[in-house]
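Colleague: Coordinates for the following, if possible.
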Amino acid sequence: MNEKNMHGRIFKKLREERGYKLKDVAGDIISTRTLTRFEADETSLPIVTFEKLLENCGISYLDYMEYYIDNTQIEYNKFLKRMDKYLQSGFSSKLVNECKKELKKKDINFSRRLDILSLINAVSWKEDKDLFEENKRIVREKIELSNKLSWIEMSGIYNLISFASKNDYSVEYIDRVIEDCLQTISTTNLFSRYLSIIYCDVLLASLAFLSRNGYYDLAERRCKDTLKLFNELPILLNKALYSRDVIGILSKVYLRQNNKKGVELANKCLEYDNIVVEITDSPLYKHIRDTTYKTSCKLNKTGIDIEF
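Modeller: I've put the predicted structure just below:
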């Protein structure tokens, strides 16, 4: 894959396989010339327009995305599978060496740069700082120059904010990101429900940024804004888990201020985690629960014990 997206080419392939003509799909939505340019990846289309074209082609959004992934991600997934194997096995040095090789390639694309940023963050690698900081700088610059933030740019923002300090971003910028997420998260249709996943991730990363960097009043207010929004969206994907994570962030806001409300909320998170562990017997959820307990105990100076 090159750095430009391939949605046009993939859409054309799927349209032709289903036997639809250009004029039939374009209808009165766009001109056939514009559709031809889109299918050649020479121009992009607004999401609303693309959704209408999918409807004219008899394709659901989920069917399209499955087809898109199958046709573009084969080599891409091989790399991620190797990296995941290294992560699971604890072979951080092997993972880092492959990431270094990728960064030295001349034709490395933006998606791969994002993967490497996420992987290096995951293993908390402190060596080879110049190389990996340069990658972070390139990712950040590309995002800042983007006129429109797609899923991939939002993934980049998530990775950058998740490990950022107050020296990296101003509180005003983070609050703007939070407001944009709150305004964008929606469940009006299938596409918006899936798009909201990445916005929820960025929102949670931004709330955690406020908490760990000492912006407690703003963090508390924005956590409450987020919970209010989630309560207004009954069919939000992963609603229970996202709500639990917001409560977890809010508990840390209170614990960092020696407020006993933090203990109450931490206990609620642990109660939720225990139920999930009991139902799934998942090592991942056990790790999340144990980490929550250890972190909460470390922050807790109230004199009230956290239950486990």
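Colleague: Spatially central residue for the chain, please.
Modeller: Ile198 (3.9 Å; Cα atoms, centre = their mean).
Colleague: In the stretch 51-200 of the chain, what residue spans correspond to helices?
Modeller: 61-72, 74-89, 92-103, 110-123, 129-145, 151-162, 171-184, 190-212 (DSSP state H, counting those that start in this stretch).
Colleague: could you redo these as CSV and give each row distance to Ser31 and mean pLDDT?
Modeller: Every residue, glycine included, has its C-beta placed from N, CA and C. Listed next are these as CSV, based on distance: least, Cβ to Cβ, whole Å; pLDDT from 0 to 100:
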stretch, distance to Ser31, mean pLDDT
helix 61-72, 22, 72
helix 74-89, 33, 75
helix 92-103, 40, 90
helix 110-123, 30, 86
helix 129-145, 29, 88
helix 151-162, 27, 86
helix 171-184, 29, 94
helix 190-212, 23, 90
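Colleague: Reformat the ones you listed as CSV; add distance to Leu284.
Modeller: Listed next are the helices of the stretch 51-200 of the chain as CSV, based on distance: least, Cβ to Cβ, whole Å:
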stretch, distance to Leu284
helix 61-72, 23
helix 74-89, 11
helix 92-103, 18
helix 110-123, 13
helix 129-145, 26
helix 151-162, 18
helix 171-184, 25
helix 190-212, 16
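Colleague: looking at those, which is closest to Phe38?
Modeller: Across those, Phe38 has its closest neighbour in helix 61-72 (13.8 Å, Cβ to Cβ).
Colleague: Hmm, Ser186 is touching Tyr194, no?
Modeller: No. Ser186 is beyond contact range of Tyr194, at 10.8 Å (criterion: Cβ atoms under 8 Å).
Colleague: shared neighbours of the two, which are they?
Modeller: Shared contacts of Ser186 and Tyr194 (Cβ atoms under 8 Å, 6 or more residues apart in numbering): none.
Colleague: ok, Lys52 touching Ala26?
Modeller: No. Judged on Cβ under 8 Å, Lys52 makes no contact with Ala26 at a distance of 9.9 Å.
Colleague: ok, back up a step: how much space between the residue nearest to the centre of the chain and Glu153?
Modeller: 10 Å (Cβ to Cβ, to the nearest Å).
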